[in-house]
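A.B. asks: Return a 3D structure for these sequence lines:
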Amino acid sequence: MNAIVQPALDGSVPSAKKTATRQRAEDYALWVEIVRPVFENVARTGRRFTSWEIADEHKLPDPPFPQSQWGRLVGLLRDEGLIEAVGWANSDRPGDHGSAVKVWRGTAAARRAAA
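C.D. replies: Residues are numbered from 1 along each chain as shown. Model prediction:
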């Protein structure tokens with residue numbers, strides 16, 4: 001359902017308000033634009049990494065919802081064939097208490113793209 005927008009007394013039409021959900025989605029898309037190239041470059045090297053190592057090394061910002069969106073990003077890169085899981089490691093991220101995290105590596109296709 002479209003909301004009716006009431007013009008102001010001067011005849012101007014106010015801009016539509018952004019909902020919190022829409023703002024988070026736009027922020028997530030912007031965040032992906034910022035961090036994705038870094039992960040693509042690392043994938044091309046064939047280096048083994050955890051997402052935290054790359055974020056820390058390159059001083060990358062956190063997404064709007066870090067608890068789930070780091071995983072969403074690496075899942076996207078995996079689904080696109082840029083990275084593959086190659087094992088597990090204990091997290092070095094502060095506050096993670098050494099919990100298990102996936103270790104990733106660029107796929108052969110990603111490494112060939114670098115050549």
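
A.B. asks: what number of residues lie near Val32?
C.D. replies: By other C-beta atoms under 10 Å, 16 other residues sit near Val32. From N, CA and C alone the C-beta is placed, and that goes for glycine too.

A.B. asks: Okay, it and Gly95: tell me how far apart.
C.D. replies: 23 Å (C-beta to C-beta, to the nearest Å).

A.B. asks: sec struct for Ala8, please.
C.D. replies: Classification of Ala8 using DSSP: H, G, I helix; E, B strand; the rest coil returns coil.

A.B. asks: Leu9: neighbour count?
C.D. replies: By other C-beta under 10 Å, 6 other residues sit near Leu9.

A.B. asks: so Glu26 sits in a strand?
C.D. replies: No. Assessed with three-state DSSP, Glu26 is helix; it does not lie in a strand.

A.B. asks: Distance-wise, check it relative to Val35.
C.D. replies: According to C-beta to C-beta, Glu26 and Val35 sit 15 Å apart.

A.B. asks: the more surrounded of these two?
C.D. replies: Set Glu26 next to Val35 and count neighbours by other C-beta under 10 Å: Val35 wins out with 21 against 12.

A.B. asks: Nearest residue to that one in space, please, no chain neighbours.
C.D. replies: Nearest residue to Val35, sequence neighbours excluded (C-beta to C-beta, 6 or more residues apart in numbering): Leu60, at 4.9 Å.
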